[in-house]
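A.B. asks: have a look at this fold, sequence not included:
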């Protein structure tokens with residue numbers, strides 16, 4: 001092993017490093033393959049029923065009209081109308097990976113930002129050429145070499161698991177493409193309806209209203225921009241913890257041919273990846289992001305109650321089932337939330353709901369309509385706990401004037 005090429009005596013590792021290095025900060029081939037395999041469980045994806053497409057076209061028009069009437073917002077940014085597109089799970093994971101690609105690549109840069117930097121060069125101590133310092137350099141180089149592959153595996157695993165329970169594209173309240181198309185997964189929707197003994201048509205309409213309501217608020221330019229800004233800042237705030245990886249890698253023998261697979265398993269574990277990475281920069285952005293997301297979720301739930309209550313025959317049963325399902329979220333979904341800085345616990349959702357209810361009680365629907373009117377009107381963390389403070393700041397009296 002030499003200082004210039006830590007893998008000089010191990011051609012296999014050197015060749016692997018060159019191959020992985022050509023794929024950029026994340027191996028998207030690995031991400032797509034793992035996501036597709038998890039989403040479909042290795043089985044062929046069934047095509048969407050053409051009759052379902054026709055039904056969704058009709059439901060989209062109903063949902064868009066009712067959400068626009070109830071909120072005053074325009075769900076379709078272009079004004080041409082919303083199109084709800086049923087997709088297979090393979091299509092869902094491909095689109096989702098592409099939509100979130102910039103953030104996963106930012107995560108890769110963040111986790112690699114302290115490795116081999118000029119301020120902390122990864123060079124061995126000349127006084128200990130074959131001792132612990134040299135081993136640490138070898139392990140660091142190995143970690144850097146494998147990062148694109150292992151981050152690709154982690155991204156693919158998380159998105160693949162997310163696809164198995166997502167109804168549409170806003171199960172996580174994160175901005176997607178700004179067009180007029182909204183994805184839904186009928187296989188997940190219909191399976192949920194069957195599991196909870198609910199009418200399929202009712203659940204489909206419920207999901208359409210839910211997706212259109214999210215799309216409408218995220219089409220508001222300053223809301224979209226602020227959400228993107230804070231999520232991007234949170235992802236950029238991740239920092240590597242070499243000691244955390246060292247602890248996970250400590251029992252692996254580098255000379256064992258089976259060691260590479262063991263290292264890949266460790267690096268593809270989101271718990272290892274994310275458990276090592278929080279930072280003060282994230283603590284700074286988290287309160288504002290929490291308050292905006294909680295207010296958004298509470299607002300969407302309020303719109304759902306207004307619109308869905310009159311359109312969906314079994315609205316109460318569907319809503320209760322969906323909210324119970326939201327509490328029982330899987331660990332894979334939690335990892336995606338943590339990457340984006342989302343805190344979608346029941347307590348946070350309840351806080352957002354209480355904020356919206358407090359605004360409506362004091363100032364009516366007209367007062368609530370001011371929530372997304374200007375960037376300055378977005379609630380602060382303190383105001384989320386006390387809607388009266390928010391109303392006072394934007395100069396709305398208790399009678400809504």
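C.D. replies: The structure has been received and is ready for your questions. As the structure is a computational prediction, the values presented were derived from the model and not from experiment.
A.B. asks: mind checking pLDDT for residue 249?
C.D. replies: Reported pLDDT at residue 249 in the predicted model: 62.
A.B. asks: touching, residue 105 and residue 28? I think so.
C.D. replies: No: taking contacts as Cβ atoms under 8 Å, residue 105 lies outside contact range of residue 28: 9.3 Å. C-beta coordinates here come from the backbone N, C-alpha and C atoms, glycine included.
A.B. asks: leaving out sequence neighbours, find the closest residue to residue 354.
C.D. replies: Distances taken as Cβ to Cβ, 6 or more residues apart in numbering place residue 298 nearest to residue 354, at 7.4 Å, with adjacent residues excluded.
A.B. asks: does that neighbour really touch residue 358, like I thought?
C.D. replies: No: using Cβ under 8 Å as the test, residue 298 is too far from residue 358 to be in contact (9.8 Å).
A.B. asks: okay, those two: which has more neighbours?
C.D. replies: residue 298 (24 against 19; other Cβ atoms under 10 Å).
A.B. asks: okay, buried residues for the host helix or strand of that one please.
C.D. replies: If you go by DSSP states H and E, residue 298 is part of helix 280-311. Neighbour counts over helix 280-311 (16 or more other Cβ atoms under 10 Å) mark 282, 285-286, 288-308, 311 as buried.
A.B. asks: ok, stretch 61-72 next?
C.D. replies: Quick answer for stretch 61-72 (16+ other Cβ under 10 Å): 63, 64, 66, 67, 68, 70, 71.
A.B. asks: report the distance from the next helix or strand after the helix holding residue 298 to the chain centre.
C.D. replies: Following helix 280-311 in sequence order, the next helix or strand is helix 315-327 (DSSP H and E). Using Cα atoms, centre = their mean, to the nearest Å, the distance from the centre of helix 315-327 to the centre of the chain it belongs to is 21 Å.
A.B. asks: pull the residues that contact helix 315-327.
C.D. replies: Residues from elsewhere that reach helix 315-327, judged by Cβ atoms under 8 Å, 6 or more residues apart in numbering: 165, 192, 196, 198, 202-203, 206, 304-305, 308-309, 312, 344, 346, 349.
A.B. asks: just checking, what packs against the helix or strand just after it?
C.D. replies: Using DSSP H and E, the next helix or strand after helix 315-327 towards the C-terminus is helix 331-340. When contacts are defined as 3 or more Cβ pairs under 8 Å, 6 or more residues apart in numbering; DSSP states H and E, helix 331-340 sits against helix 89-111, helix 132-163, helix 221-236, helix 270-275.
A.B. asks: the same query, at a cut-off of 6 Å, please.
C.D. replies: Contact partners of helix 331-340 among helices and strands, from 3 or more Cβ pairs under 6 Å, 6 or more residues apart in numbering; DSSP states H and E: helix 132-163.
A.B. asks: contacts for whichever helix or strand comes after the helix it packs on next, please.
C.D. replies: The first helix or strand that comes after helix 132-163 along the chain, using DSSP H and E, is strand 181-184. Applying Cβ atoms under 6 Å, 6 or more residues apart in numbering, the contact partners of strand 181-184 are 83, 84, 85, 86, 87, 168, 169, 207, 211, 215.
A.B. asks: narrow those residues to those in helices?
C.D. replies: Residues of the contacts of strand 181-184 located in helices (DSSP state H): 207, 211, 215.
A.B. asks: and of those, the nearest to residue 225?
C.D. replies: Nearest to residue 225 out of those is residue 215 (Cβ to Cβ; 15.7 Å).
A.B. asks: so for that closest one, what's the pLDDT?
C.D. replies: Predicted confidence (pLDDT) for residue 215: 96.
A.B. asks: distance of it from residue 315?
C.D. replies: Applying Cβ to Cβ, to the nearest Å, the value for residue 215 to residue 315 is 20 Å.
A.B. asks: more neighbours: which of the two?
C.D. replies: The residue with more neighbours, out of residue 215 and residue 315, is residue 215; 28 against 19, by other Cβ under 10 Å.
A.B. asks: so that one sits right up against residue 77, yeah?
C.D. replies: No: contact criterion Cβ atoms under 6 Å: residue 215 and residue 77 do not qualify, at 8.8 Å.
A.B. asks: doesn't residue 45 belong to a helix?
C.D. replies: No: applying DSSP: H, G, I helix; E, B strand; the rest coil, one finds residue 45 to be coil, outside a helix.
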